[in-house]
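*Asks:* coords please:
(chains A, B, C and D, ligands or ions: 4)
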Amino acid sequence: MIKEELVNSNWRVRKGRIIRVKRMTPSEKLFEIELDNGRAMDYEPGQFVQVSVFGVGEAPISLCSSPTKRGSFELCVRAAGRVTNAMHALEAGDEIGIRGPFGKGFPVKVLAGNDLIFVAGGLGIAPLRSLINYVIDNRREFGKVDILLGCRNPSEMLFADDLEFWQKRVDVNFNVTVDKGSPDWAGNIGLITSIIPGVTINPERTFAVVVGPPVMYKFVISELLKKKIAERNIILSLERHMKCGMGKCGHCQIDSIDNYYCCQDGPVFSYDRIKNVAKM
Amino acid sequence: MGTHTRYFILRKDDLNSFIVKLSRNHKVVAPVSKGYGNYAFTEVTSANDIALKHIPTILPPKKYFLPQKETMLSFSTGHVENAEALLEHENTVIFGVHTCDLNGIQCLNIVFSERPRDYNYLRRKDNITVIGLECTEYCDEHASCNLMNSNFPNGGYDLFFTDMGEVFMAHVNTQAGDDLVDSSNLFKPATQAQMEALYAIRDAKRSRFKDEVNVDRKKLPAIFDKSENSPVWKAIGDKCLGCGNCTNVCPTCYCFDIADTLNLDLKSGKRVRTWDSCEVETFAKVAGGENFRSGQAERLRHRHYRKFRFSLGKYYRFFCTGCGRCTRTCMAGIRLKETLTALVKEAA
Amino acid sequence: MSKPKVAFFDLSCCEGCQLQLANMGETLLDVLELVDVVEFREVMSEKWEWKYDVAFVEGSVTDDHSAERLKKIRERAKVLVAFGACAATGGVNGMKNSFDLEEIGKYVYGADHKSFPTAKTRPLHQVVKVDYTINNCPAYIPELVEVLKHILKGMPYTVPDHPVCVECKFNENVCMYERGVTCMGPVTRAGCNSWCVNNNNVCYGCRGMISNPRENAAKDVMAKYNVTPAMIAAKMDMYNKCREGKK
Amino acid sequence: MANKNVDIKSEYVTRVEGHGNIVVNVREGRIEKCEFNVVEAPRFFEGMLRGRSVFEAQHITSRICGICSCGHSLASIQAAEDALGIAPTDQTLKLRKLLMHFETLDSHILHIYLLVAPDMLGVKSFVPLVATHNKVVRRALRMKKDCNDLCEILVGRHVHPISCVAGGFTKLPSEHDIDRMLNILRGMRADMAVTVDLAAGFKFPEFERDTEYVAMVNDGPEYPFLEGDIGSTDGVRMSKKEYRKVTNEFVDPRSSAKFTKLSRESYAVGALARFNLNSAKLHPDAKAVAERIGLKPVCRNPYLNTAAQLVECVHCLEDAIAILNDLRKRGINYDEQVLVGVNEQGKVPLRAGDGVGAVEVPRGTLFHNYQTDAKGAIVNANCIIPTNQNINNIQHDMKKLLPEILHKTEEEITLALEMLVRAYDPCISCSTHMLNVTYVNR
Ligand SMILES: Cc1cc2nc3c(=O)[nH]c(=O)nc-3n(C[C@H](O)[C@H](O)[C@H](O)COP(=O)(O)OP(=O)(O)OC[C@H]3O[C@@H](n4cnc5c(N)ncnc54)[C@H](O)[C@@H]3O)c2cc1C
Ligand code: SF4
Ligand code: SF4
Ligand code: SF4
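*Replies:* Numbering: from 1, shown residues only, chains lettered A, B, ... in the order given. Ligands and ions are numbered 1, 2, ... in the order given. As a prediction, the model looks like this:
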């Protein structure tokens, strides 16, 4: 048996150095990461990377910063299992492994020139934040921008700084709702679907970008369709079990005749392409 | 020598010398009987160990291209630059590969050459020489190789043997195959009469091998388009044990899992790739509890779609070779030919 | 960092899993580099009076006394490991639960059976919180080492949740059903590298069932062989009777 | 001395398998209580076997004890085969003897090194020895591992053997396997020689009590482990089938414990008993070791059971090599490989029967007895474990020993008593029949 180093292996990881860790909620932390070779990560909003914590494993995590941000990138990680918990134990200065970016991001070229409505549920705000900040950094290229954000309760609210920033801006309409309020919560209470009807939409020129847990999609989409937004203009990002990110391991395959691999054909899809998928 | 295709003759008595010679410079593997009518590709050093007449082995030769467990990286925790991508391979000759398995290897070659390429697979493949062996008879009632168009040689080998009684006819398909023929000094060019005999064998075979399911292969994808909600899936799903045997033994199943293990120093370790199976409960389950394919019927449907529908869109070919392994290995008695027949009937 | 203090205890069992430690040979010394064994009655007279970082508990709870003992160990242990099938699933001790306790007591001890109070067999997790589980009867050394590494790294260990058949195929064993005998492999959790089948015996199910065993399908399969329904039930119960005691 | 008070409650005697307590109460020089109690929770194996296929008995009863699982398996198989009326082939018998040798070696090495040596070297366990006697510990673990590897090659693993079943072996060793086993065994010779040197230096307490020694005997030239009748130093000889007449289980009215006796108040089984009855049949190398350490039949010092174990180690090692050489010469007949399961194939004709198995396991004679119905299901089961047979003898030893050492400190007395118990290498987890759970000290 010959054992040798495989220099061109696609399984090689790049070194990422954590330069900042910020706790956002009891279960989510924000990591700012710099590639050690100093080279910028070349990515699009909606793409993801495979993060390695050696000895524990790899997990796919969305890039949540905008590519317009230079020098470093950010990941928002929920402690959900082994790798993600191990990430939570890391501090600034620690190293992680990075493969990617992978997948098809949001179709920014298609979105340009149109009105946008962003609908984010829970952790879905992570990939959407990348796109929202990208849109804000290129604000002139887009029409009206509405941001609808929902989460279970105020303590689970992510990206407080960004939310404040969006709230303050005149060029985006920001709406947030929580399923369950708390004594110091003065905002909306109710499911995310309850604030969609209130948004004025010109279906001719609006794209809806929706990211959230699988259960959310069905209800949000039916609200959006009621607003006459075309199926092709509803953009979603799907989650699947994922190992390789290279369309080989088979885990992320989506149950539909079209045989999509979430990691390569997605994670971003327009609704018309996946509407027959039973479990989104 | 010439660039035209070449046919050679090896006397059966010389097979042993051939294998012995090969085993001097290569690891030679071939089908060996495991008892109870089962065979497995196993290392051999003489032809006596080889089961020339064999039905498809328990595992297909894919285990040499994509091992059950494979180290992809070695690493030390906390220090990313110490990680090294690894390849373990061995100069191997696989002897006695049936046409269905040649087809299977070709399927995998396509998958792993697609970008981003999997160099572990590709480099290992480059170190493997494949010697095919023709089936002149059906191996058993579970095969559907005629339906899947894999009972005749269609490339995918370096050398291809056909048993012609006293002698083997050997077709040289690659330079590597030619080198083996040349260096062994055991082969003679085939005569015209011997070529005629080969054609006769093929003709006889054509009359014996008939589509095992009464359907035109080309219609299968369309049938699957209509079968998403077929009751067939629930019927077989209820019988299925979810054991994953059918995927592990399938020459074209290649799904895998990746996991890290630490050494006892707790500071270094390796990242290992292991075969995985879409038939086991956890395959599509994610942290948080959602299972994107939660029922056995859905999982079985998925497997069948990967063989007869999905792969056509992505790779323009069926990912079933008709080898019949999935049927043979299934203790629940789920039979591919029966499932296909039921789907065909329903769609009619 | 000081080495974690590790202790070993046994409840009702054959002590074979502890013996597996000795069977590791000199690897055991590598393990001893990583931990401080402070209590291990079978091979040590030393006693430890403080908290244990890790307590390995072998054996099942089969009477009230052992339940109390286990609770005391739990109070003193930061991490508690169910060590071996008896602790993890009840193991063969569970077969007792198929009988009326008084009846089986009388059968074995006759008139004196009252001196032997017994209770339904329970795996540890039905009595106290268990942090790590090492299945198998006896513990499979590579898995034992794997779990130990997870404990030391503070990572959860996930017992494979696919059936033994997967490993059987990896090892290219001729399936027992093809040889004409029935096997518990299809409903049993993998992780032993199909130990028994590699040695041409059937899987008896010692690792416990996968979380969603297709029991009915498995019974249908077995029924094709010369086994009575009672025998099928007995096969399924050999290591899995305590499942019924699930909380 | 006359007014001395001693209270010993050694809860869970350490370095024995299973849980046992020593309880001693001496009031003003008068012994009120001197007991060895077993507190292992009963496991009801015999009860659980009822209704099960006799082909499952080996797998289940192996789990009575991890340390003697091969011995239990072999006794179980003997009983099952006897009930079914099948006789093992010559090859099967040889392989079984080999397995028994491996287990005896393994168990004795464990006992000598990990359980007894610490007493001899004045420490509490082998753990401090890692620092002070690293070589000794490494050798012990190495030899232990060797035995484990031997069992792994032969039957899949040592603890709960896999391929050794009623009817024969599911997997027969290949020629290569035989060579591997021979290699390991030959390699063990050097470690064994050093072990003999080490153990020859052990100073065992001087103490004697005349008792009856019981072990398997036969008329052939072999030192018996598997085949033979039951014999004793008091001249008893009975067939295995009459095992109940050997063990004569009785309940002691004062303690409610179930004891055994044969010709007198108690009897002992184990390595020393085997040595006392069969030493003439030992391998010459083993005889030489016995001579060197001055062990002669009939030896009546129970502490010297450890010495007898050492002698048996050498015997088992050499005889195992001889068996393997013989197998190698004859070649293995692979047609004898069996696949039984629960007899789905009906390859073994079933019948109602009553079978007894008796095997000399490391700690003494082990009996299994099954009655089966016409379908091969177990109707009644009985297992009598060596440690059960020894408990009564241990108690009588303690009662004789205590007055002889009463002048010592309580600590010394405790140690002497514990060492006595340990010398028998009691395997309490085995003791499915254990009685007396009056917890004096709780
Ligand atoms: C495209 C994509 C983008 C994602 N973006 C984010 C993000 O920005 N922030 C975030 O916190 N989480 C994100 N997730 C989910 C995240 O990948 C899982 O929570 C994570 O893989 C769990 O791994 P674990 O090792 O902690 O959990 P374990 O339960 O221990 O999982 C073990 C392994 O199973 C696989 N797995 C389990 N759950 C998932 C899952 N939900 N998705 C994919 N693979 C899974 C992984 O390979 C994982 O390493 C994303 C998932 C996908 C597919
Ligand atoms: S699906 Fe079945 S018949 Fe087709 S290639 Fe795979 S194992 Fe062979
Ligand atoms: S082999 Fe049969 S029982 Fe096993 S997963 Fe496949 S279809 Fe199901
Ligand atoms: S022998 Fe048992 S474990 Fe192995 S494949 Fe067959 S059923 Fe599964």
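*Asks:* could you pull out the strands for the stretch 151-280 of chain A?
*Replies:* All strands of the stretch 151-280 of chain A, identified by DSSP state E, counting those that start in this stretch, fall at A:173-178, A:188-189, A:206-211, A:234-237, A:268-270.
*Asks:* flag whichever of those has the least confidence on average.
*Replies:* Of all those, strand A:188-189 carries the lowest average pLDDT, namely a mean of 85.
*Asks:* neighbouring strands - and their directions - for that one?
*Replies:* Using DSSP bridges, strand A:188-189 pairs in its sheet with strand A:173-178 (parallel).
*Asks:* and the strand it pairs with, which residues are buried?
*Replies:* Neighbour counts over strand A:173-178 (16 or more other CB atoms under 10 Å in any protein chain shown) mark A:173-178 as buried. In this view, the C-beta of every residue, glycine as well, is placed from N, C-alpha and C.
*Asks:* ok, now stretch D:168-179?
*Replies:* Under 16+ other CB under 10 Å, the buried positions of stretch D:168-179 are D:168-173, D:178.
*Asks:* longest strand of chain B?
*Replies:* In chain B, assigned by DSSP state E, the strand with the most residues is strand B:79-89.
*Asks:* can you tell if that strand touches chain A?
*Replies:* Yes - counting by CB under 8 Å from any CB of the partner chain, chain A is contacted by strand B:79-89 at B:79-81, B:83-89.
*Asks:* which elements pack onto the lowest-mean-pLDDT helix or strand in chain C?
*Replies:* Lowest on mean pLDDT, DSSP states H and E among the helices and strands of chain C sits helix C:101-109, with a mean of 79. Applying 3 or more CB pairs under 8 Å, 6 or more residues apart in numbering or on different chains; DSSP states H and E, one finds that helix C:101-109 contacts helix D:45-49.
*Asks:* which strands and helices sit next to the helix it packs on?
*Replies:* Going by 3+ CB pairs under 8 Å, 6+ apart, helix D:45-49 lies up against helix C:101-109, helix D:57-62, strand D:378-384.
*Asks:* distance to residue C:237 and mean neighbour count added to the ones you listed, as CSV?
*Replies:* Below are the helices and strands packed on helix D:45-49 laid out as CSV (distance: least, CB to CB, whole Å; neighbours: other CB atoms under 10 Å in any protein chain shown):
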stretch, distance to residue C:237, mean neighbour count
helix C:101-109, 14, 18
helix D:57-62, 11, 26
strand D:378-384, 15, 20
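*Asks:* if we can go back for a sec, residues in contact with whichever helix or strand comes after the least confident helix or strand of chain C?
*Replies:* Using DSSP states H and E, the helix or strand that directly follows helix C:101-109 along the chain is strand C:132-134. With contact meaning CB atoms under 8 Å, 6 or more residues apart in numbering or on different chains, strand C:132-134 is reached by C:17, C:79-84, C:87-88, C:125, C:143-144, C:147, C:150-151, C:156-157, C:159.
*Asks:* pLDDT of strand C:132-134, averaged?
*Replies:* pLDDT averaged over strand C:132-134 gives 96.
*Asks:* check stretch A:41-61 too.
*Replies:* On average, stretch A:41-61 scores 94.
*Asks:* also stretch B:340-348?
*Replies:* Here the average pLDDT along stretch B:340-348 is 90.
*Asks:* one step back: identify, from the residues of strand B:79-89 next to chain A, the entry nearest to residue A:85.
*Replies:* Ranked by distance to residue A:85 (CB to CB), the residues of strand B:79-89 next to chain A are led by residue B:80 at 19.2 Å.
*Asks:* quick check: chain neighbours aside, which residue is closest to the most centrally placed residue in chain B?
*Replies:* Residue closest to the average C-alpha location in chain B (CA atoms, centre = their mean): residue B:251, at 3.1 Å. The shortest distance from residue B:251 to any non-neighbouring residue, by CB to CB, 6 or more residues apart in numbering or on different chains, is to residue B:104 (2.6 Å).
*Asks:* report the secondary structure state of that neighbour.
*Replies:* Under DSSP: H, G, I helix; E, B strand; the rest coil, residue B:104 falls in the helix class.
*Asks:* report how many residues lie close to it.
*Replies:* 29 (other CB atoms under 10 Å in any protein chain shown).
*Asks:* before we move on, back to that, okay, the buried residues of stretch D:168-179 in a markdown table with pLDDT and secondary structure next?
*Replies:* Listed next are the buried residues of stretch D:168-179 as a markdown table, based on pLDDT from 0 to 100; DSSP: H, G, I helix; E, B strand; the rest coil:
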| residue | pLDDT | secondary structure |
| --- | --- | --- |
| D:168 | 95 | strand |
| D:169 | 97 | strand |
| D:170 | 96 | coil |
| D:171 | 96 | coil |
| D:172 | 97 | coil |
| D:173 | 97 | coil |
| D:178 | 97 | helix |
